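**Q** turn this into a model:
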Amino acid sequence: MQKNKINVALVTGANTGVGFQIAKALAQNNYVVYIGSRDLQKGETAAKEIGTNARVIQLDITNTDAVNAAVAKVQEEYGYLSLLVNNAAISHAGKAGRTMEEILGAQKPSIASITELQTVWNTNVFSTLAITQAFLPLLKKITASRIVTVSSALGSLTINSNPHNPYRSAFDAIYGASKTALNGIFLSLAIELENTGIKVHLVSPGFTATALNNFQGTDTVEYGSLEPIRVALAEDLPNGSFTGPADFAGEDNTLPW
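**A** This is a model prediction of the structure:
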């Protein structure tokens, strides 16, 4: 195991939105950042805007060959990974162009398409764990590394069981519950890794206007990225944390599970 001299990060879904803001902040703080992007051209555009510390990896996290190629590239170029940011996610797999309200209406558990549920969970849950498993050997190569997974307060069972929660009706079976499952799996990973040098964190951007909600969120992407950026840059947070924006979360930005 070696002490890394250069911080190396991979951010999935980094060509736009919160992922782009995280990647840009990391690059500005002397990280070499791999921009994971399904569309190579969009990834190259994002990397050019970020600057010299950015590298592009064409990466669809649901594609095993693409994940393995990304691992091989980082292994060849640096031999380790300091930080994995799991940001890539989808909110639905249905007809494009619908409003957020139309999407949520179609994702109620009584009528949700099981095929669509499987597609969304494949990206948000199964493939997010799969790419984490694939990069664990590189994360273990250094004395201290971190996994930051972008989740959502919408996945909190505690928050959604509160009848006074104004966003409660948005807790759907497809996207919202996928974040609950994601939280459970990565809390389990945090427990597994708690006696190693790898810390695991989950973070919610809040209700941010991105492509996930047809840009109908109430917060700008710049504001919504503040907490994910804080968590991505922090090296002293307790393992297994789940945090969100200060105006929504509790003390120390902590969110309930």
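**Q** where in the stretch 101-250 of the chain is pLDDT low?
**A** 207-219, 248, 250 (pLDDT under 70).
**Q** ranges for the strands of it?
**A** Using DSSP state E, counting those that start in this stretch, the strands of the stretch 101-250 of the chain run over 145-150, 198-203, 241-243.
**Q** who touches the shortest one?
**A** Right, the one you point to is strand 241-243. 151, 156, 183, 187, 201-204, 227, 231, 237, 249, 252-257 (CB atoms under 8 Å, 6 or more residues apart in numbering). From N, CA and C alone the C-beta is placed, and that goes for glycine too.
**Q** how far off centre is it?
**A** Distance, stretch centre to chain centre, for strand 241-243: 13 Å (CA atoms, centre = their mean, to the nearest Å).
**Q** circling back to that earlier point, among the contacts of strand 241-243, which ones are in helices?
**A** In this view, these that belong to helices under DSSP state H are 183, 187, 227, 231.
**Q** how about the residue positioned nearest the centre of the chain, what does it touch?
**A** The chain has residue 87 as the residue nearest its centroid, 2.5 Å off, counting by CA atoms, centre = their mean. Residues near residue 87 by CB under 8 Å, 6+ apart: 11-14, 18-19, 22, 150, 228.
**Q** would you turn the residues you listed into a markdown table with neighbour count and distance to residue 95?
**A** Converted to a markdown table, the contacts of residue 87 look like this (neighbours: other CB atoms under 10 Å; distance: CB to CB, whole Å):
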| residue | neighbour count | distance to residue 95 |
| --- | --- | --- |
| 11 | 36 | 29 |
| 12 | 29 | 25 |
| 13 | 27 | 21 |
| 14 | 33 | 26 |
| 18 | 28 | 24 |
| 19 | 27 | 24 |
| 22 | 28 | 30 |
| 150 | 29 | 25 |
| 228 | 30 | 29 |
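**Q** tell me which element residue 26 falls in.
**A** helix 17-28 (DSSP states H and E).
**Q** show me what that helix is packed against.
**A** Taking 3 or more CB pairs under 8 Å, 6 or more residues apart in numbering; DSSP states H and E as contact, the helices and strands that helix 17-28 lies on are strand 7-11, strand 31-37, helix 40-50, strand 83-86, helix 221-224, helix 226-233.
**Q** so can I have JSON lines of the ones you listed showing distance to residue 63?
**A** JSON lines is the format used below for the helices and strands packed on helix 17-28 (distance: least, CB to CB, whole Å):
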{"stretch": "strand 7-11", "distance to residue 63": "15"}
{"stretch": "strand 31-37", "distance to residue 63": "11"}
{"stretch": "helix 40-50", "distance to residue 63": "13"}
{"stretch": "strand 83-86", "distance to residue 63": "15"}
{"stretch": "helix 221-224", "distance to residue 63": "26"}
{"stretch": "helix 226-233", "distance to residue 63": "24"}
